[in-house]
Every structure is written in structure tokens, then in C-alpha cells.
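Asker: What follows is a predicted protein model with its sequence.
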Amino acid sequence: MFEAMKSELEATMAAHSVPFASFGATDAQSTRLHDQIGSAGDHPLGAAHIFRIASMTKPVVSVAALQLVARGDLELDQPMKEILPALGDTQVVVRNGDDFAFAPLARDITLRHLLTHTSGYAYDFHAELIAELVAQEKIPGVASDNDGFLSAPVIFQPGEGWEYGIGLDWVGKIIEKVSGTDLNQYTQTHILRPLRMDHTSFSITDLDGDALVPLALRGDDGSMSDVTQLMPTVTDGPYLGGGGLYSNVDDYMKFMRMLLQNGQAPDGQILPADMVTDMFVNQIGDKQVVHMPTFNPMLAAAHGWFEGTSMKWGYGFMLNETEIAGRRSAGAGAWSGLYNTFFAIDRSRETACVVMMQMLPVYNEAALAVFDIFERSVFAATS
């Protein structure tokens, strides 16, 4: 399959100066393709190279939280201040002329709110109010090298909107508190090792650090500059549930294959089948996954998904309510990571695909073009 699309992908990558990308597609039973294009630094990109997958961490951490729900250790509508009291002290920020005003929560933040991005927590590169608070040094930014950004307020009362944000970082803290172990150890024990994801971890010390690919910044003119040193590797906590995993295409296909198999792993059940189904069900009601502006163009380009299509959120990823012509079926789950890693899981076709690049900003035109061509090619072969 890959050879038929490889020339088009190579041409697109060359036209946009994308230095390398790793591609994979799987059905419910096994890998259908896995290949690479380009060079990572001085070496051809190989299957064993490691990528920073950023927000593609969120589905993994969502599964971890749902495991605790399935075991009775957590409840989706339980006030999370019962686990982490700081979540009861969160305030709602609103604009007050040229300043800010803060109000107490009108209702408790629940696990459901955090998993579905309806808590009111936001990212400073997508939400103007949070960006301004960071610029004025009233709160740390999400790019800081610790978890100080969790001190941010919410931008609306819990349950009253949808805003992509730091909720899954809070979920990671909740998992640690309830399980009594750190997030890396929990996910290794209950998800990664059972799935034989041997090249995935929150800590680079668990992996071959020399296999970590370089990170580039794409300029407006398409030029690429190496910014690897701006993102120091993580060796120990705090581990960030919203975006801290290192992984690669082969490993992520194992995770997606588990979801295609209704939670089944090679050595047992990772998540009950009904909860896997819930991940692919609209969990935000009549709210929509909205266009995301940018307030930090180095990190993120402004982006909206498939104009005119109703986009929802399940647990862990975005859902399209109707078919995306030439791409995924209605009800498919998909999302991305800050460094331009993308995946789509189409259960109706029993097919999932993933592509990993490593450059900023997310949603730049080059990365979107590569993902578009790859996803179209994969699902064209299954239609």
C-alpha cells in the first residue's frame, strides 16, 4: 500500500521542506504498513526513532482514568476536589475593563469535565484571557519546565462550554493520587507493558535517548531551524498527562489496535468494551469542538477542523458526526500533538492510521498537507 502513495508524500514533503515523517496504518489484527521518509539529523529516519507525541498522550491517559472508573476507584461525575482539594479552589477569570475579575466556581469540576474539555481549563496559546495572564506573569505558561501552569483559572464555569486545554494534566495528577504511584509507573504497568509498547514512556531514561528525533521550527517562508534545545528531555516528574509521552508509530499502532479490538491486548483486557465504545460516543452534548485561534504563533497556527462538519469530543479525542469525504467515516476518533503528530481511528472500517513529524507550529500548512494525503490514501484503500 505504501509504495503507491510514497511518491506523492515525498513530493509534498519536498515542496514544504518537511525533513522526515514516519507513517503507519493498522487494522484490528495487525500492522498493514509502517515506513519512513527522510532523515532525522544525519541519519535516515528508522522505525526505532522516538518522537515527542505531546497531546497524543491524552487518549492514553484517558484510558488510564477510565480504568480507575471501571475498577470503582473513581466516578465520572464525582467532584474532583474530593481527590485534589486544589480543584475546589479554582476560580473563573473574566475580563473587567482593562483588568481581570475572578469568581468562585458555581459547580464542582468533575472527571467528566476534565476528560471532555468542558471544565473551562484552556491553553495559553489558544485562549486570549490565559495568554494575557501569562504575558503579565500572573501565572506560568504551559511551556514552562514544570507543572506550575496548573495554577491557571478556568475561562468559564464547568460544563458551560468546550475549550481545549490542560484538563488532562489534572487527570494525570488524579490518577497519581488515586493509584498511589506516579503517572509513568501507572501507565507502564496498566497500559504500555500489556500492549508491549516498549518504546513509549514519560521518561526518556526508559528509552534510547539517542533515538529521539530533532525538533524544527518552520518559518513563514517554509525554512526550517533546529530548536531541539528549546525542549529539554524529561527524565523524572512531574509527568504531564496532557502531553508528556515519548513514543513512535509502531507503538502507537498497538494502542490504536487495542481500541479497534474493543480494549483487548495480547495478554488481556485493557479496558472494558463498553468503555471503549464510550470513548467514541459524543460526550459533550450540543457543544462543538470550535475553531482554535492562536496567541502564540510559534507554537500553534490558528486551526479549525473540517468547516461545516459537526465535531464533537468523546473521551480522549475528537469525533466527526458525519463522514469526512475522502477521509474518515462518521464517528471516527482523531487528534494530534503539538509537534505535528496525527492519528485517526475509524472503527467502522476497522482501520487506524498515524503519522509523526516533529516541527512547530502545530497545524502548519506543510504538516496538514502531509496528513491529508496520507489519511486519504489509507482510507481510500479500505472504501
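Answerer: Structure received.
Asker: Can you show me the helices along the chain?
Answerer: 2-15, 57-70, 86-89, 111-116, 128-135, 167-179, 183-187, 249-260, 273-279, 365-380 (DSSP state H).
Asker: What are the buried residues along the second one?
Answerer: For helix 57-70, a neighbour-count test (16 or more other CB atoms under 10 Å) marks 57-69 as buried. Heads up, the C-betas are built off the backbone N, CA and C, glycines and all.
Asker: Any idea which of the helices of the chain gets closest to residue 331?
Answerer: Of all the helices of the chain, helix 273-279 sits nearest to residue 331, with 10.4 Å by CB to CB.
Asker: Output the contacting helices and strands for the closest one.
Answerer: helix 57-70 (3 or more CB pairs under 8 Å, 6 or more residues apart in numbering; DSSP states H and E).
Asker: on that earlier part again, out of the buried residues of helix 57-70, which comes closest to residue 373?
Answerer: Nearest to residue 373 among the buried residues of helix 57-70, with distances taken as CB to CB, is residue 59, at 23.3 Å.
Asker: most distant residue from the middle of this protein?
Answerer: Going by CA atoms, centre = their mean, the residue of the chain most distant from its centre is residue 97, 34.7 Å out.
Asker: Tell me how far that residue lies from residue 131.
Answerer: Distance of residue 97 to residue 131, computed by CB to CB, to the nearest Å: 18 Å.
Asker: what's the answer for residue 224, then?
Answerer: Applying CB to CB to residue 224 and residue 131 gives a distance of 26 Å.
Asker: of those two, who's got more company?
Answerer: Applying other CB atoms under 10 Å to residue 224 and residue 131 shows that residue 131 carries more neighbours, namely 19 against 16.
Asker: what about the closest residue to the more buried one other than its chain neighbours, neighbour count?
Answerer: In this structure, residue 131 finds its nearest non-sequential neighbour in residue 295, 3.7 Å apart by CB to CB, 6 or more residues apart in numbering. Burial of residue 295 is recorded as 19 neighbouring residues (other CB under 10 Å).
Asker: Next up, the contacts around residue 212.
Answerer: 49, 50, 51, 52, 204, 233, 246 (CB atoms under 8 Å, 6 or more residues apart in numbering).
Asker: Which pLDDT does the model give it?
Answerer: pLDDT recorded at residue 212 is 98.
Asker: Over to residue 383?
Answerer: So, for residue 383, pLDDT stands at 67.
Asker: Skip the chain neighbours and tell me the closest residue to residue 18.
Answerer: In space, residue 18 is closest to residue 366, 5.3 Å off (CB to CB, 6+ apart).
Asker: burial of residue 145, as a residue count?
Answerer: Neighbours of residue 145 (other CB under 10 Å): 10.
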